[in-house]
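>>> test case, fold it:
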Amino acid sequence: MLAYVFWHWPRPDVGRASYEQDLRNFHRTLATERPPGFQYSFVFRVGNAPWLPANANAYEDWYVLNGSSALDAINEAAVSSRSKQAHDRAARSAAGGGAGLYRFRRGQIDFASARVALWLSKPDGTSYDDFYASLDKVTRRSGVGLWGRQMVLGPTPEFCLLAPEEISLDKDLNATTQVLDPVWARDK
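Next up is the predicted model:
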């Protein structure tokens, strides 16, 4: 299970309500079209993050995919199908964006209850097995899922814990916490 995660922010002259409506329209169209390998998507208002421009008032789209081959299908669907008009309208409203590719690693996939994203790094000198084991207690909690960046494709720290509430982690994980405010939620 992979997720294509796309961060973006509106142009200064675009209002929040209009921008979010354009996002919902695009995601609704994409959900109806269902390109091969695309499962569903979620959009969160995230405010700011260290890897985004200052005061960006950003959004974070999670596109849940069967695998990396679905990237071609959703890219093609966004620019050349029934989704094109909705995509183009949302894209014209955006000032910028960046993306990453993440693989589900542990826990539960529960975007509907996710309200916090903790972006964290594996401590230097720690094996992946030890790192995952150190998070087992956390990822066994209801609604908590661990995602790992693929091939350094993305601007974030290597891992993301999605959770329904704030989680206290060891300081050596250097976690950055983002509050997630749902804008678009599509059930599986």
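
>>> name the residues that touch the helix or strand residue 138 falls within?
Element membership of residue 138, judged by DSSP states H and E, is helix 136-139. Applying C-beta atoms under 8 Å, 6 or more residues apart in numbering, the contact partners of helix 136-139 are 106, 107, 108, 144, 145, 146, 161, 167, 169. Heads up, the C-betas are built off the backbone N, CA and C, glycines and all.

>>> mind listing what's buried in the longest helix along the chain?
Across the chain, the longest stretch assigned as helix under DSSP state H is helix 16-33. Across helix 16-33, burial judged by 16 or more other C-beta atoms under 10 Å covers 19, 20, 22, 23, 24, 25, 26, 27, 29, 30, 31, 33.

>>> could you name the helices and strands sitting against the lengthiest strand in the chain?
Longest strand of the chain, by residue count under DSSP state E: strand 94-107. Packing partners of strand 94-107 (3 or more C-beta pairs under 8 Å, 6 or more residues apart in numbering; DSSP states H and E): strand 2-10, helix 136-139, strand 145-149, strand 159-163.

>>> next, count neighbours for the closest residue to residue 116 other than its chain neighbours.
Using C-beta to C-beta, 6 or more residues apart in numbering and skipping the chain neighbours, the partner closest in space to residue 116 is residue 163 (4.9 Å). The tally of other residues near residue 163 (other C-beta atoms under 10 Å) stands at 26.

>>> residue 163 contacts residue 115, doesn't it?
Yes. Under the criterion of C-beta atoms under 8 Å, residue 163 makes contact with residue 115 at 7.4 Å.

>>> re the thing from before, residues contacting the residue nearest to residue 116?
114, 115, 116, 117, 118, 141, 143, 144, 145.

>>> where does this structure dip in pLDDT?
For the chain, the stretches flagged by pLDDT under 70 are 187-188.

>>> 50 - rerun?
Under the criterion pLDDT under 50, the flagged ranges of the chain are 188.

>>> with only the CA atoms kept, save the longest helix of the chain in PDB.
Extracted C-alpha coordinates of helix 16-33, given in PDB (Å, rounded to 0.1, in the frame of the first residue of the first chain):
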ATOM      1  CA  ARG A  16      -9.900  29.700   1.500                       C
ATOM      2  CA  ALA A  17     -13.500  28.700   0.900                       C
ATOM      3  CA  SER A  18     -13.000  28.900  -2.900                       C
ATOM      4  CA  TYR A  19      -9.800  26.900  -2.800                       C
ATOM      5  CA  GLU A  20     -11.200  24.200  -0.600                       C
ATOM      6  CA  GLN A  21     -14.300  23.900  -2.900                       C
ATOM      7  CA  ASP A  22     -12.000  23.400  -5.900                       C
ATOM      8  CA  LEU A  23     -10.100  20.700  -4.000                       C
ATOM      9  CA  ARG A  24     -13.300  18.900  -3.000                       C
ATOM     10  CA  ASN A  25     -14.600  19.100  -6.600                       C
ATOM     11  CA  PHE A  26     -11.400  17.600  -8.000                       C
ATOM     12  CA  HIS A  27     -11.300  14.800  -5.400                       C
ATOM     13  CA  ARG A  28     -15.000  14.000  -5.900                       C
ATOM     14  CA  THR A  29     -14.400  13.700  -9.700                       C
ATOM     15  CA  LEU A  30     -11.300  11.500  -9.200                       C
ATOM     16  CA  ALA A  31     -13.200   9.300  -6.800                       C
ATOM     17  CA  THR A  32     -16.000   8.800  -9.300                       C
ATOM     18  CA  GLU A  33     -13.500   8.100 -12.100                       C
END
